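A.B. asks: Just the structure for this:
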Amino acid sequence: MRLIFFAIYIAIGAMLHAVIVGATFDWSSAWTFAWLFGWPIMLMVTFGVFVIIAAIICGLIWAGWSWLDTIAKWRSVRKSKRI
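C.D. replies: Numbers count the residues shown, from 1 in each chain. The predicted structure follows:
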């Protein structure tokens with residue numbers, strides 16, 4: 001029974017390795033062993049990286065929107081003073 005659980009654990013690591021790194025196992029690479037045996041930690045790290053990337057993208061979108069809004073307000077004030 002323990003061997004079945006170990007096989008399922010390794011299979012989950014192999015599937016995540018195929019999705020994130022690629023389907024080819026390089027047995028001289030530490031990434032292969034990290035994904036096969038330490039996939040819960042690697043999954044948390046990958047999720048954290050995705051969250052950070054999403055936060056950066058949202059921040060850039062917000063900054064761009066704020067910049068465009070500031071320019072629009074500045075142009076409307078400038079246009080109202082001219083007339």
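
A.B. asks: Following element in sequence after the lowest-mean-pLDDT helix or strand in the chain, please.
C.D. replies: In the chain, the helix or strand scored least confidently by mean pLDDT, DSSP states H and E is helix 30-37, which has a mean of 88. Counting by DSSP states H and E, the next helix or strand C-terminal to helix 30-37 is helix 39-82.

A.B. asks: ok and that next one relative to helix 30-37, angle-wise?
C.D. replies: 110 degrees (axes from the mean of the first three to the mean of the last three C-alpha atoms, to 10 degrees).

A.B. asks: Could you name the helices and strands sitting against helix 39-82?
C.D. replies: For helix 39-82, the elements it packs on are helix 2-20, helix 30-37, judged by 3 or more C-beta pairs under 8 Å, 6 or more residues apart in numbering; DSSP states H and E. All C-beta atoms are positioned from the backbone trio N, CA, C, and that covers glycine.

A.B. asks: The last one vs helix 2-20, what angle?
C.D. replies: It refers to helix 30-37. Helix 30-37 runs at 130 degrees relative to helix 2-20, counting by the same axes, to 10 degrees.

A.B. asks: Give me the pLDDT for the most centrally placed residue in the chain.
C.D. replies: Against the mean C-alpha coordinate of the chain, by C-alpha atoms, centre = their mean, the closest residue is Phe50 at 1.7 Å. Phe50 is assigned a pLDDT of 95 by the prediction.
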